[in-house]
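Student: here is my input; please provide its structure:
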Amino acid sequence: MSLLNKKDFFCTIVLSCLSAPVTAESTEEQDSRDVEIGAGGNIKLEKPYRTNIEEEFEWHAHLLWESRYVTEGRDNLSRKGIYSASTEFSYKDINIVPWIADAINTDYSEFNLNIVYGIKLLDNLEVFVGYNHIQSRESDINSNDNEISLDLVYFYGKEFQIVTNIYYSFDAEGTFAEVAIKKGYRIDSALSINLRAVLGFNSGYVIDGHNGINHGQLLARASYQVIKEMEIYVYTGYSQAINRDSNRYTGDELLRDLFWGGVGMSYRF
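Tutor: The predicted structure follows:
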């Protein structure tokens, strides 16, 4: 598929998600706080401010199994799965998230420590500044990195959110950026669905990969609140490589068109 056709494909899907008629209630107004612990322990906090009934300090625990370990549009473990556990300590606008993961049927493990600070600049604009320390081991070879990140979340009324995530690696001396459109629906008091469309851009972050537009992704997540403190969720995603050139860039070998999914749970103490 040509680059133009791929862009047209994702634009069509995004417009369909945003314009589709639904009777479910939008989740943006309902949820006081939306926390996602993603691949690599990447924390995405779209609403840092709590309701009056919530305490200033909170402690969450997360467990997640994923059929592939996908970051920067790449199938990092070449079709192998990964499971992870994390905790999230939150006090006011500061979030500390240790994250540990181990691969399935291959020798790889990773530890991340995220520290994220969120601030509301405008009624419809929130900003998150983060630091992430990363340690990984693959086949008895250890490596580490430090990253800083900037997230911007723009709320387009109650319709959808535009999320920009930019992170810089001190080891690679490069940046990766993602721009996403997200829309959520509250089906009932316990069940909610979130849709997300993403475009990723590499600028030296993947050292041996091509720079510029990198991949597009579509993700759908369903969450069910079992009890007040516990939520279970499932998600599925499709990632499509853009401008892949593995003949010139060895880092593009893992940049693939692929489906993957995951099952997880979150518990608030």
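
Student: hey, let's count contacts and neighbours off CA atoms from now on
Tutor: Will do.

Student: confirm W65 sits in a strand?
Tutor: Yes - under DSSP: H, G, I helix; E, B strand; the rest coil, W65 falls within a strand.

Student: quick one: contacts for it?
Tutor: G81, I82, Y83, S84, G262, V263, G264 (Cα atoms under 8 Å, 6 or more residues apart in numbering).

Student: just N165 next, same as before
Tutor: S149, L150, D151, L152, A177, E178, V179.

Student: S149 versus that one, what's the distance?
Tutor: 7 Å (Cα to Cα, to the nearest Å).

Student: next one: S223
Tutor: To S149, S223 is 27 Å away according to Cα to Cα.

Student: tell me what the spatially closest residue to V234 that is not a sequence neighbour is bridged to.
Tutor: With sequence-adjacent residues excluded and distances taken as Cα to Cα, 6 or more residues apart in numbering, V234 is closest to V263, at 4.5 Å. Judged by DSSP bridges, the bridge partners of V263 are W65, V234.

Student: surely V263 touches T236?
Tutor: No - V263 is beyond contact range of T236, at 9.1 Å (criterion: Cα atoms under 8 Å).

Student: what are the C-alpha coordinates of stretch 226-241, in CSV please?
Tutor: Only the C-alpha atoms of stretch 226-241 are listed here, as CSV (Å, rounded to 0.1, in the frame of the first residue of the first chain):
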residue,chain,number,x,y,z
VAL,A,226,-16.1,-5.4,38.9
ILE,A,227,-16.2,-3.6,42.2
LYS,A,228,-15.5,-0.1,43.3
GLU,A,229,-11.8,-0.7,43.7
MET,A,230,-11.2,-3.2,40.8
GLU,A,231,-11.4,-2.9,37.1
ILE,A,232,-10.6,-5.5,34.4
TYR,A,233,-10.0,-4.6,30.8
VAL,A,234,-9.2,-6.1,27.4
TYR,A,235,-7.8,-4.3,24.3
THR,A,236,-6.9,-5.0,20.7
GLY,A,237,-4.8,-3.1,18.4
TYR,A,238,-3.6,-2.9,14.8
SER,A,239,-0.3,-1.3,13.8
GLN,A,240,0.6,-0.5,10.2
ALA,A,241,4.2,0.3,9.2
